[in-house]
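J.: How does the following fold in three dimensions:
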Amino acid sequence: MKKFIIILMLPIFFGIIYAVWSKAVELPKIGEVTEWPFTEVGGNETNFQGKPKLVTFFYTKCPDVCPTTMWDLTALQKVMEGRGISQDEYFIIAITVDPEYDTKEKIVRYKELFTIEDPNWLFFRGTEESTKEFSKYLNFYYDKNEDGFVTHSTSMYIVDDQDLVRAHHNMATGKNSVAIEEIANHLQQLIK
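T.: Residues are numbered from 1 along each chain as shown. Just a heads-up that it's a prediction; the model follows:
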């Protein structure tokens, strides 16, 4: 009977160890964002500096990765709320990699398509040059061919309140969803 109880308790023990350990280990500093050369076009003009943020890239004509990632990220808001973290403690920043096509109006329609109304979810648009330069801070790759088709990396980034890049996560690809709980853990760890 003792062995049976011990076997039942082991997963609980390891679960507690993981929960404590994952919050105790400091996220590494893997890069730095030195400027944000964008305009917020989604109607939520606010100061996003001094708070942790999840940075993702998108373009409105994307047929798969971008829209499924947006759907998954709506769940992030619910997870954070369930943890008692208000939206004024962190940001989700979505940056278009096709500013030539993605006008302010198209981005606003895109945002409405996903019923994104949260004030902490910002949609950014810059110039082709500023977006390309910014993507280098995060080692994010994208390219647009002469037909207007965009290929891009599938990484998202956790940036802390000092604009240091602290973690990266995968966007939704194929059958793989965004790791919402892990992202929530990282954001929660950086919230002061």
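J.: and the gap between the residue nearest the centre of the chain and Phe48?
T.: Geometric centre of the chain, nearest residue: Leu54, 3.3 Å, by CA atoms, centre = their mean. Distance from Leu54 to Phe48, counting by CB to CB, to the nearest Å: 11 Å. Quick note: C-beta positions are derived from backbone N, CA and C, even for glycine.
J.: Can you pull the residues that touch both of those two?
T.: Residues touching both Leu54 and Phe48 by CB atoms under 8 Å, 6 or more residues apart in numbering: 91, 93.
J.: as a whole number, average confidence for the strand or helix carrying Leu187?
T.: Taking DSSP states H and E as the definition, Leu187 sits inside helix 180-190. Across helix 180-190, the average pLDDT comes to 96.
J.: Can you get me the centre-to-centre distance for that helix and its chain?
T.: Between the centre of helix 180-190 and the centre of its chain there are 10 Å (CA atoms, centre = their mean, to the nearest Å).
J.: How about the residue nearest to the centre of the chain: what's its closest non-neighbour residue?
T.: Of all residues beyond its chain neighbours, the one nearest Leu54 is Ile92 (5.0 Å), with distances taken as CB to CB, 6 or more residues apart in numbering.
J.: can you pull the contacts of the one you found?
T.: Residues near Ile92 by CB under 8 Å, 6+ apart: 53-54, 56, 73, 76-77, 118, 120-122.
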